[in-house]
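A.B. asks: Show me how the following folds:
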Amino acid sequence: MCIALKVPFWPVLVLPQGVLLVFLFTLSHECTHKTPFRSGWLNDVVGHLVSIPIALPFTWFRYFHLAHHKWTNHPEKDPELAGKPRPDNWPALLVYLSGWPYWTGMAKILLQNAFGQIDAPYLPASQHHAMRTEARLLLAIYTFACVSLFDTPLLFWVWFCPVLIGQPFLRLYLLAEHGLCPSVANMLENSRTTFTNRFVRFLAWNMPYHAEHHAFPNVPFHQLPALHDWTRSHLKSTSDGYSEFTADYLNSLQH
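C.D. replies: The predicted model follows:
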C-alpha cells in the first residue's frame, strides 16, 4: 500500500516487500502439508492464492514436494535436484541466487502443464486435468498483469520488481535446507536445522527446523519447536545461523 501511494522514500520499501512476497513460498509449502489451517479446503484455497505472486502452481507443487520428501537429497530421484547438483562454484552460485533457474524453470513447467505435456512419474494422471487448468489460469493472470503495465506501472513496483529483488534471500534460505548435507536416507542427516532468530522462524513458518520437518512431516509447523526439543541430540546437520551456513558453503566452492 505504501509503495502504491508513493509515500516518502517508498523505493526503500521494495526490498522488504520482495522478501515478504517470495517467502510466501513457505506458506505454500505448509499448505501442501495441510498444517496452517484446520480446514482442508482452506489450505487448498490459500495455497492456490499464494501461488500467484510467486509463479508456483499449487497442485503441481504438492506432488513435486511429496516426491522431494520421498527421495530427499537423492542426486537423481529428488526432483529438487533433477539430476543437477547444487552450485559448486562461484558463477553457478551467483546464477542460482539470482533466481534465474527458478523463474525459467517455472515458466517451462507452466507452459508444459498448460499444453498437457505432463509426464513426470510423481505427477498422478488423475491430477493432470487440474494441473492443466491451473497452469492456464495462472498464465492468463500473468498475461493480464503484463498488459496492465501499458496503462500503469503499479504492478511492476508492488509485484514484479520486488519478487525479483527478494529472490536471492529465498534462494539462500532454501540452499541451507539440504546444501552440504549427505545423500543418505536418514532425514535427521540429509536435512539441516538452522538455529536462527524468532523473526526468520516466523517468516518461514518454523521451517528452519527442517530436519525435524523431514523426519516427521505430519507434525504441524507450530509444534516443530517442541519436536526439536526431542530430536536435537539426534540431529546430524545443523548450522548456528544462516551466516555460518553461508560461510561454510562459500568455503566449499571450487576455486
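
A.B. asks: And for stretch 201-218, what's in contact with it?
C.D. replies: With C-beta atoms under 8 Å, 6 or more residues apart in numbering as the test, stretch 201-218 has contacts from 19-20, 23, 26-27, 29-30, 33, 36, 69, 72, 173, 176-178, 187-196, 200, 219, 221-222, 224-225, 227-228, 231, 235-238. The way it works is simple: take the backbone N, C-alpha and C, and place the C-beta from them, glycine included.

A.B. asks: Just want to check the distance between residue 54 and residue 175.
C.D. replies: Note on residue 54: its distance to residue 175, by C-beta to C-beta, to the nearest Å, is 17 Å.

A.B. asks: same check, this time on residue 252
C.D. replies: Noted for residue 252: a distance of 11 Å to residue 175, by C-beta to C-beta.

A.B. asks: check contacts around residue 159.
C.D. replies: 21, 53, 145.

A.B. asks: Now the buried members of those residues.
C.D. replies: Among these, those classed as buried by neighbour count (16 or more other C-beta atoms under 10 Å) are 21, 53.

A.B. asks: Among the contacts of residue 159, name the ones in helices.
C.D. replies: In helices, judged by DSSP state H, the following of the contacts of residue 159 are found: 21, 53, 145.

A.B. asks: for the stretch 151-255 of the chain, what spans make up the strands?
C.D. replies: 193-194, 238-239 (DSSP state E, counting those that start in this stretch).

A.B. asks: Provide the contact partners of the last one at residue level.
C.D. replies: If you take C-beta under 8 Å, 6+ apart as the criterion, strand 238-239 is touched by 176, 192-195, 211, 245, 248.

A.B. asks: which one of those is nearest residue 60?
C.D. replies: residue 176 (24.3 Å; C-beta to C-beta).
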